[in-house]
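Trainee: need coordinates for the below:
(2 chains)
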2 protein chains.
Amino acid sequence: MKIRRADRLVDMTHYLLEHPRELVSLNFFAERYETAKSSISEDLAIVRRVYKTRGTGDLKTYPGAAGGVYYTPLMGQEEAEDFVSGIIKAVSDDTRVLPGGYVYLSDLLGRPDVLRQTGRLLTTQYADKEIDAVMTAATKGIPLAQAVANELNVPFVIVRDDAKVTEGSMISVNYLTGSSKRVEKMALSKRSLRSGARVLIVDDFMKAGGTVQGMQTLVREFGGEVVGTAVFAEGRSNVRLIEDYTSLLHIDTSLDGAEAIKVSDGNYLERIYKK
Amino acid sequence: MKIRRADRLVDMTHYLLEHPRELVSLNFFAERYETAKSSISEDLAIVRRVYKTRGTGDLKTYPGAAGGVYYTPLMGQEEAEDFVSGIIKAVSDDTRVLPGGYVYLSDLLGRPDVLRQTGRLLTTQYADKEIDAVMTAATKGIPLAQAVANELNVPFVIVRDDAKVTEGSMISVNYLTGSSKRVEKMALSKRSLRSGARVLIVDDFMKAGGTVQGMQTLVREFGGEVVGTAVFAEGRSNVRLIEDYTSLLHIDTSLDGAEAIKVSDGNYLERIYKK
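Mentor: The predicted model follows:
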């Protein structure tokens, strides 16, 4: 049964949102809706126009037999600034500061709306890059890795500090924590990453960057390549082992005086929007 | 600027997908598109028709000043059976069996497409139930909890076996593992769950159900209510501490003979589709 344009647009929007960064052939849609490819092209022009206006994504069409349509989720700078300033406001709360200067962020990192937007924002930087997998370290980086992987439509892998019976053979590396200079161990299941994989490293919080550096070592140990590093928040640190990273927030709790916590923009504007 | 119907449909579909189980007022859309509410109602009728045809969701409209539109993601039985049989095929692989009869599932639980569909399938059972939070136990349940929470549009909370410096004050309970009858401890940050919260418990794998039982105790300790329990896979167990749960898969690795692993449907058909 031939399907009307209005219905096609609803279904097509839904389908593309669930298949980001994936080439979908026009034939696929033509058969799904029993409609000529020329009509599908017109439909896609409408979807593209809406995404462009809202700044929430890009739709590229590739002509030819091997061609199709490719949807990339994006976040425009204005939406990003609104989102991050909302997060800064939420984190700027003295009661979040825990003994040792740690910051309670688990509520935010458990909110689907925050995670969805963080995922879309952090992947914007890699719109034109090929990425095969997202890597994070257990436990608190997992929700962010999943959110980013969801927008990139690639798997995510979880690095652990111990060998679990459910992970099979693992490859482990030692790394130096940046702050206390302790030697720690992290491990990843052997079957979780193929040789040559292009990996985006994601974590919740970075101070000196020891954990991130450990993950970089691990990626190389698997014969892979680090495409980039993105963190939700960076803290103040005298040592910085990692220079090439993107952060949404900068959080400082090692303050003298009355303020217990000071939260500001991370480097995302410069890194993602070249501002 | 008034926006055309075609464009409204694309944007509306996108918006509703990102705001499931949330009452959106018709005024919101009327203002967003500078369009009469009667036109918005017609748009929504189209969206509803497409979701109904595809079986991917339900759109309810509530009249009156306090009314609006409410989108519930759903998975129809046919799509669910297709999805689960694909998973069964993927898991039915001798090389997944690890020493001790454990099963490697981390690849599947790190795939966005699998997680998205699992989330939509598992929440279908709770379409008419109010849920305030999803709870899981670190580490392997986290991706599933996030996927389910994403469809329910509620936060998820992570129970841990140790107190982390980033969690603040925690409430802990002891629980008995079902298989080995060891006494273990699990803890949840005090500020992560409010009293009276209706909680859906989600986990990756359940054998006797000791961990799930521990989480139930923890929910009650917070003054909350357990709405249900959903697991990706259940294993064979001589003891079963939990009777009220939904599982997608049943995995058996404690087999005599040539087969190393036997995977079949869990109880989801009966539990979700009353088959």
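Trainee: what count of nearby residues applies to residue A:259?
Mentor: 12 (other C-beta atoms under 10 Å in any protein chain shown). All C-beta spots, glycine's among them, are computed from the backbone N, C-alpha and C.
Trainee: mind checking the SS state of it?
Mentor: Under the three-state scheme (DSSP: H, G, I helix; E, B strand; the rest coil), residue A:259 adopts coil.
Trainee: what residues are up against the residue lying closest to residue A:271 once chain neighbours are set aside?
Mentor: In space, and not counting its chain neighbours, residue A:271 is closest to residue A:246: 4.3 Å by C-beta to C-beta, 6 or more residues apart in numbering or on different chains. Neighbouring residues of residue A:246 by C-beta atoms under 8 Å, 6 or more residues apart in numbering or on different chains: A:122, A:125, A:228, A:229, A:230, A:231, A:266, A:267, A:268, A:271, A:272.
Trainee: contact partners for the second one?
Mentor: Spelled out, that is residue A:125. Neighbours of residue A:125 in contact, by C-beta under 8 Å, 6+ apart: A:228, A:230, A:246, A:271, A:272.
Trainee: all helices for the stretch 101-250 of chain A, in order.
Mentor: Secondary structure of the stretch 101-250 of chain A (DSSP state H, counting those that start in this stretch): helices at A:112-124, A:142-152, A:210-221.
Trainee: winner for burial among those helices?
Mentor: Looking across these with neighbours counted as mean count of other C-beta atoms under 10 Å in any protein chain shown, the highest average goes to helix A:142-152: a mean of 27.
Trainee: and the contacts of stretch A:105-119?
Mentor: A:75, A:83, A:87, A:90-91, A:96, A:140, A:143-144, A:146-151, A:204-205, A:232-233, A:248, B:18, B:146, B:149-150, B:153-158, B:166-167, B:189, B:191-192.
Trainee: distance between the ends of it?
Mentor: End-to-end distance for stretch A:105-119: 16 Å, by C-alpha to C-alpha, to the nearest Å.
Trainee: what of stretch A:235-245?
Mentor: End residues of stretch A:235-245 are separated by 13 Å (C-alpha to C-alpha).
Trainee: then stretch A:205-214?
Mentor: Rule used - C-alpha to C-alpha; the end-to-end distance of stretch A:205-214 is 14 Å.
Trainee: what about it, average pLDDT?
Mentor: Average pLDDT, stretch A:205-214: 96.
Trainee: could you list the low-pLDDT ranges of the stretch 51-200 of chain A?
Mentor: Within the stretch 51-200 of chain A, no range satisfies pLDDT under 70.
Trainee: not counting its neighbours along the chain, what's nearest residue A:234?
Mentor: residue A:247 (4.2 Å).
Trainee: against residue B:142, how distant is residue A:150?
Mentor: 14 Å (C-beta to C-beta, to the nearest Å).
Trainee: same check on residue A:237?
Mentor: Distance of residue A:237 to residue B:142, given as C-beta to C-beta: 27 Å.
Trainee: do the same with residue A:3
Mentor: Using C-beta to C-beta, residue A:3 is found at 39 Å from residue B:142.
Trainee: same check on residue A:90?
Mentor: 21 Å.
Trainee: ok, now residue A:213?
Mentor: Note on residue A:213: its distance to residue B:142, by C-beta to C-beta, is 24 Å.
Trainee: ranges for the strands of the stretch 51-200 of chain A?
Mentor: Along the stretch 51-200 of chain A, counting by DSSP state E, counting those that start in this stretch, strands occupy A:57-62, A:68-73, A:133-137, A:156-159, A:170-176, A:183-189, A:198-206.
Trainee: go ahead and confirm residue A:195 touches residue A:221.
Mentor: No. The criterion here is C-beta atoms under 8 Å, and residue A:195 misses it with residue A:221 at 10.5 Å.
Trainee: residues from the stretch 101-250 of chain A in reach of chain B?
Mentor: Neighbours of chain B within the stretch 101-250 of chain A, by C-beta under 8 Å from any C-beta of the partner chain: A:102-107, A:110-113, A:115-116, A:138-140, A:142-143, A:146-147, A:149-150, A:153-158, A:160, A:164-168, A:189, A:191-192, A:205.
Trainee: filter these to the buried ones?
Mentor: For these, a burial check counting by 16 or more other C-beta atoms under 10 Å in any protein chain shown picks out A:102-106, A:110-112, A:115-116, A:138-140, A:142-143, A:146-147, A:149-150, A:153-158, A:160, A:164, A:166-168, A:189, A:191-192, A:205.
Trainee: between the two ends of stretch A:102-115, how far is it?
Mentor: End-to-end distance for stretch A:102-115, by C-alpha to C-alpha: 21 Å.
Trainee: my error: substitute stretch A:14-28 in the last question.
Mentor: One end of stretch A:14-28 sits 15 Å from the other (C-alpha to C-alpha).
Trainee: buried set for it?
Mentor: A:14, A:15, A:16, A:17, A:18, A:19, A:20, A:21, A:24, A:25, A:26.
Trainee: just stretch A:222-242 next, same as before
Mentor: A:222, A:224, A:226-235, A:241-242.
Trainee: and that stretch, what's its mean pLDDT?
Mentor: Mean predicted confidence for stretch A:222-242 is 95.
Trainee: how far does it stretch from start to finish?
Mentor: End to end - C-alpha to C-alpha - stretch A:222-242 spans 20 Å.
Trainee: what of stretch A:129-147?
Mentor: Start-to-end, stretch A:129-147 (C-alpha to C-alpha) is 18 Å.
Trainee: return the distance of stretch A:113-129 from the chain's centre.
Mentor: 5 Å (C-alpha atoms, centre = their mean, to the nearest Å).
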